[in-house]
Each structure stands twice: as C-alpha cells, then as structure tokens.
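Novice: got a structure for you, letters missing:
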C-alpha cells in the first residue's frame, strides 16, 4: 500500500480540525508557544482540557516523530498550567495525516491505545475520506449536543421512514412496513404487496 493521500491535504486537515474545535467551544492559544503555531500544529484549550493538534505528511513521519511532539506538549502543559488546575491532567494529542497507514501497522494500533502522559487521537488517510470524518475523529473532545429536532410526540417508528430515506431506502416502502408492524400484519406479505403496487 502506498503512503499517499486520498482526500485531505495537510492544510485541509489543520483547517478542518481547528474549525471543529473552535465550534466546539475551544479557544486557540496563539503566539505564546512557537512550536504550536506552525502551519502543521495548533494548540487549543477550553475550561477543562488542553488539545494539541499535529499534522504529518505521511503515516511514517507520524510514527517516527510523535514522541517528540508529545514531549513538547507535555513540557508546555507542565510549565504553563498549574498542578492544581484540572486541565493539567487532561491533555490530548491529536495526530492526523492524509497519508495511508502501512498495512498491518501494529505500531499505529499500539499508539492508538497509548495513554501515557497524554491521551491520543489518531487518524490516517484511511480514516479521513469524507468531510465529516475530522469531526468524527474529534468527537471525544466535543461537548454533547442536544438533539437538533424535538421529538415531541413522535415515536422512533414515526421518524424511521425519513431517516432511512436519507440512506436512499424508499420512504413509501418503510412506511408500509411500519404500518404493517403497528397492525401486527406479516411484514413480508406487506412488502410483497408494496412491490406489486409499484
């Protein structure tokens, strides 16, 4: 497998990750730490945690240099965050690359579960293909959001046809099955009837 990017560039990744964190209530720390104000790294904080984002061109570069990046972030936290502050114990290192992971990379899997010194979130080009993938990777850092739609009196069954229609499953088929379910009718028979009506 090659180590080339499929979608995002390094610039895209740093911009997308920064935007997600800013929208999630984080504040970017500018100007205080030159090592975190580069084109490929950013430092953020909120009331509870410190987050360092580092972007690498290739997965190989990520695997070789992450310990140095972690050491720099640990040093920044230890010098500028008081021991009594809760965020001194809540540091995150986000390691992203548009490069593809080498096949059967045990080192990458080991790193994903390494929580020594800092918690780590890692994504490679294999994980970052869609516009929503950066937000998905950063989801553990974001506050929980209330549901956008108010359910009111609607049940999950009422919502199901619209939800499945978004996945290109015909709404009328789902509605017919939901109606049959509510009436305790055989679902397969109703599905065959529905197909005959089309």
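Specialist: Now that the structure is in, tell me what you want to look at. Keep in mind the model is a prediction, meaning the values are calculated, not measured.
Novice: Please identify the buried residues of stretch 110-130?
Specialist: Buried residues in stretch 110-130, counted by 16 or more other C-beta atoms under 10 Å: 111, 118, 119, 120, 121, 122, 123, 124, 125, 127, 128. C-beta: built from backbone N, CA, C; applies to glycine.
Novice: wait, I meant stretch 94-104
Specialist: Quick answer for stretch 94-104 (16+ other C-beta under 10 Å): 94, 95, 96, 97, 98, 99, 100, 101, 102.
Novice: Which two of the residues you listed have the greatest separation?
Specialist: Longest distance between any two of the buried residues of stretch 94-104 is 20.4 Å, between 94 and 102; criterion C-beta to C-beta.
Novice: element containing residue 51?
Specialist: Using DSSP states H and E, residue 51 falls within strand 50-55.
Novice: okay, now the domains of this protein?
Specialist: 10-141, 156-197 (automatic domain parsing).
Novice: quick one, helices of this structure?
Specialist: 10-23, 59-80, 106-112, 133-138, 156-165, 171-182, 187-197 (DSSP state H).
Novice: and those helices as CSV, adding mean pLDDT and distance to residue 36?
Specialist: Converted to CSV, the helices of the chain look like this (pLDDT from 0 to 100; distance: least, C-beta to C-beta, whole Å):
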stretch, mean pLDDT, distance to residue 36
helix 10-23, 94, 11
helix 59-80, 92, 7
helix 106-112, 90, 20
helix 133-138, 94, 17
helix 156-165, 82, 41
helix 171-182, 86, 48
helix 187-197, 79, 56
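Novice: Would you reformat these as TSV and include distance to residue 41?
Specialist: Converted to TSV, those look like this (distance: least, C-beta to C-beta, whole Å):
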stretch	distance to residue 41
helix 10-23	8
helix 59-80	8
helix 106-112	17
helix 133-138	15
helix 156-165	39
helix 171-182	46
helix 187-197	54
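Novice: Figure out which of these is closest to residue 34.
Specialist: Nearest of those (C-beta to C-beta): helix 59-80, 10.3 Å.
Novice: Show residues contacting that closest one.
Specialist: For helix 59-80, the external contacting residues (C-beta atoms under 8 Å, 6 or more residues apart in numbering) are 3, 32-33, 35-36, 41, 43, 50, 52, 54, 56, 87-88, 91, 93, 95, 97, 99-102, 105, 107-108, 111, 117-118, 120, 122, 124-125.
Novice: Just name whatever secondary elements the strand holding residue 51 is in contact with.
Specialist: Here strand 50-55 touches helix 10-23, strand 41-45, helix 59-80, strand 91-96, going by 3 or more C-beta pairs under 8 Å, 6 or more residues apart in numbering; DSSP states H and E.
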